[in-house]
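Asker: model this:
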Amino acid sequence: MNRFLLPLLGIVIFYSESIFATFSPVEVAGDDRLLVPRFLVVFLLFLSFYYNKNSSYLYAFVLGFLYDVFFTGIMGIYMFLFPLLIYISALIFRMIFQNIAISGLITLLMIALLEWLVYQFNLLIGITDMNVQTFLNQRLYSTLIFNAIFILIAAYPLKTWMSAMRFRHLED
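Answerer: Purely as a prediction, here's the structure:
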């Protein structure tokens, strides 16, 4: 039963992003702000930090493919970027002290990198014509604040649950 909990949680988080995306854009001080939930990235990075890095690559690839199929018209961008973010964060995580606050900051950094890379790719192929200042003000900052709130709420439960799952897995 325990081995089905992790994929089930991944699927629930995958679908919860679309539910929270319906609340975007929001109007703040007369401006529309886009809140892009990146709960799946938080899940994948915490999976790599506290459970198993190799499993997180597989989850990132499969969930990235599903993300491309369901939410984007461009096949492969998230399927490539999710594992890349895990790889980059693993390099960073190896060089610095590991605790939950650092995990949250690295996760926010990876969300910012993901948003920037997706924006640059969409700019390159002509899907968007948003300038950098508009992207920063209307999308990136609000997305980082929104996901920081999610990390503050979910980081400790994710860490303790995944650490316990890893411990049980090692005992078997």
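Asker: longest helix anywhere in the protein?
Answerer: When the chain is parsed with DSSP state H, its longest helix is helix 141-171.
Asker: show me what that one is packed against.
Answerer: Counting contacts by 3 or more CB pairs under 8 Å, 6 or more residues apart in numbering; DSSP states H and E, helix 141-171 is packed against helix 2-21, helix 39-50, helix 100-125. The C-beta positions use only the backbone N, C-alpha and C, and glycine is treated the same way.
Asker: buried deepest among these, which one?
Answerer: helix 39-50 (a mean of 24; mean count of other CB atoms under 10 Å).
Asker: give me the residue at the spatial middle of this structure.
Answerer: V41 (1.5 Å; CA atoms, centre = their mean).
Asker: my read: that one touches L81, true?
Answerer: No. Contact criterion CB atoms under 8 Å: V41 and L81 do not qualify, at 9.1 Å.
Asker: quickly list what's touching both of those two.
Answerer: Shared contacts of V41 and L81 (CB atoms under 8 Å, 6 or more residues apart in numbering): L114.
Asker: where's the helix or strand hosting F82 relative to the chain centroid, distance-wise?
Answerer: Element membership for F82, per DSSP states H and E: helix 77-95. Centroid displacement of helix 77-95 relative to its chain, using CA atoms, centre = their mean, to the nearest Å, is 11 Å.
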